[in-house]
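Visitor: coordinates only, sequence not included:
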């Protein structure tokens, strides 16, 4: 499933139709399934150019939306191995050709099994669409340090997204 | 929960009581829980001495046991973020002080949230104790290549483990 075009409304000054924020990568991943279970690929450092420093998992309970969050230095690499997660991205980078754009993508092992990679400074929020919860693995090039990321409320003065 | 002492029976010539195979590491991991969900720690490269080359996930359906498997060069780092997985290890390394030993550990986000790290050449098998399935993340220093690992059936001529 490709990310959908999305019209913006409300407080946004720049109304943009955009299906891909500049620099964001969506990498299809394999699932090798048999009657005993499966192997889900998540990350391969094929070019040996990524220094993985931290791996952690976000569990998001049914109906909960976490965000907005922005990392200043590190990329984020998201894989959802359980449940269904809706992720919304927003670009406020001054020098970006897609400044002002929003992008929505739904990730999960059944719906759309891909790795979503975000460059630094992309704002993101994520919502569990599961009845119980969803799990999202993050593969990061930095160990968490205070001050490397920003958090703002879902409703904020910087930008507005209509969650519906 | 610590791995249990286990008596061996059947075809094993060396009957050993052992609660820890030499070189195996069990690292407690934090879960930071709130009413919206949780953050589960999985891996931090604190000493910058691990080159993570591949991350993948094994899904094991209810009641299924996968194994035995042995990697020849790379460590394995297992984290179970969903379900309950019983993992049995066996040491056949000629030069090991625990040669002949078996070790059992149960991993899961609710029961025993730890990272299990296995040196090369440890045999391992894993069984889902969940009603649906269990997921196990493996954080590896090598991208999968044929010939780097060995697989033998659960019932084999090299060693015997009594699964109950």
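Guide: Perfect, I can see it now. Being a predicted model, the structure only gives us computed values, none of them experimental.

Visitor: contacts and neighbour counts: CA atoms only from here.
Guide: Fine.

Visitor: In which helix or strand does residue A:150 reside?
Guide: Using DSSP states H and E, residue A:150 sits within strand A:149-151.

Visitor: Just the mean pLDDT for stretch A:74-84, thanks.
Guide: Mean pLDDT, stretch A:74-84: 97.

Visitor: Actually, stretch A:125-139.
Guide: The pLDDT scores in stretch A:125-139 average 97.

Visitor: Name the nearest residue to the residue in chain A sticking out farthest from the centre, sequence neighbours excluded.
Guide: Each residue of chain A has a distance to the centre, and by Cα atoms, centre = their mean the biggest one is for residue A:35: 30.5 Å. The shortest distance from residue A:35 to any non-neighbouring residue, by Cα to Cα, 6 or more residues apart in numbering or on different chains, is to residue B:61 (8.0 Å).

Visitor: Surely the one you found touches residue A:36?
Guide: Yes: applying Cα atoms under 8 Å as the test, residue B:61 and residue A:36 come out as touching, 5.6 Å apart.

Visitor: Who has more neighbours out of the two?
Guide: Set residue B:61 next to residue A:36 and count neighbours by other Cα atoms under 10 Å in any protein chain shown: residue B:61 wins out with 22 against 14.

Visitor: Okay, that one and residue A:87: tell me how far apart.
Guide: Computed as Cα to Cα, to the nearest Å, the residue B:61 to residue A:87 distance reads 28 Å.

Visitor: circling back: distance from the strand holding residue A:150 to the middle of the chain?
Guide: From the chain centre to the centre of strand A:149-151 is a distance of 15 Å (Cα atoms, centre = their mean, to the nearest Å).

Visitor: So what are the sheet partners of that strand and their directions?
Guide: Paired strands of strand A:149-151, with direction, are strand A:65-71 (antiparallel) (DSSP bridges).

Visitor: Distance from the chain centre to the partner strand, please.
Guide: How far strand A:65-71 lies from its chain's middle: 9 Å, per Cα atoms, centre = their mean.

Visitor: ok, now stretch A:83-95?
Guide: Stretch A:83-95 sits 6 Å away from the centroid of its parent chain (Cα atoms, centre = their mean).

Visitor: One more: stretch A:108-127?
Guide: In terms of Cα atoms, centre = their mean, the centre of stretch A:108-127 is found 3 Å from the chain centre.

Visitor: Over to stretch A:136-151?
Guide: 13 Å.

Visitor: just to revisit the earlier point, OK, contacts around the residue nearest to residue A:35?
Guide: With contact taken as Cα atoms under 8 Å, 6 or more residues apart in numbering or on different chains, residue B:61 is in contact with A:35, A:36, A:37, B:128, B:130, B:132, B:133, B:134.

Visitor: Give me the buried subset of these.
Guide: A:37, B:128, B:130, B:133, B:134 (16 or more other Cα atoms under 10 Å in any protein chain shown).

Visitor: how many other residues sit next to the closest residue in space to the second one that isn't next to it in sequence?
Guide: It refers to residue B:128. In this structure, residue B:128 finds its nearest non-sequential neighbour in residue B:85, 4.7 Å apart by Cα to Cα, 6+ apart. By the criterion of other Cα under 10 Å, residue B:85 has 29 neighbours.

Visitor: hmm, back to that, roughly how far does the residue nearest to residue A:35 sit from residue A:32?
Guide: Counting by Cα to Cα, the gap from residue B:61 to residue A:32 is 14 Å.

Visitor: Which of the contacts of residue B:61 fall within strands?
Guide: Of those, the ones assigned to strands by DSSP state E are A:37, B:128, B:133, B:134.

Visitor: Now do the same contact list for the last one.
Guide: This points to residue B:134. B:59, B:60, B:61, B:62, B:80, B:82, B:83, B:84, B:85, B:128.

Visitor: Show me which residues of chain A sit near chain B.
Guide: A:35-46, A:48, A:51-61, A:64, A:81, A:133, A:143 (Cα under 8 Å from any Cα of the partner chain).

Visitor: Those, buried ones only, as a ChimeraX selection?
Guide: Buried subset of those, written as a ChimeraX selection, criterion 16+ other Cα under 10 Å:
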select /A:37,38,39,40,41,42,43,44,45,51,52,53,54,55,56,57,58,59,60,61,64,81,133,143
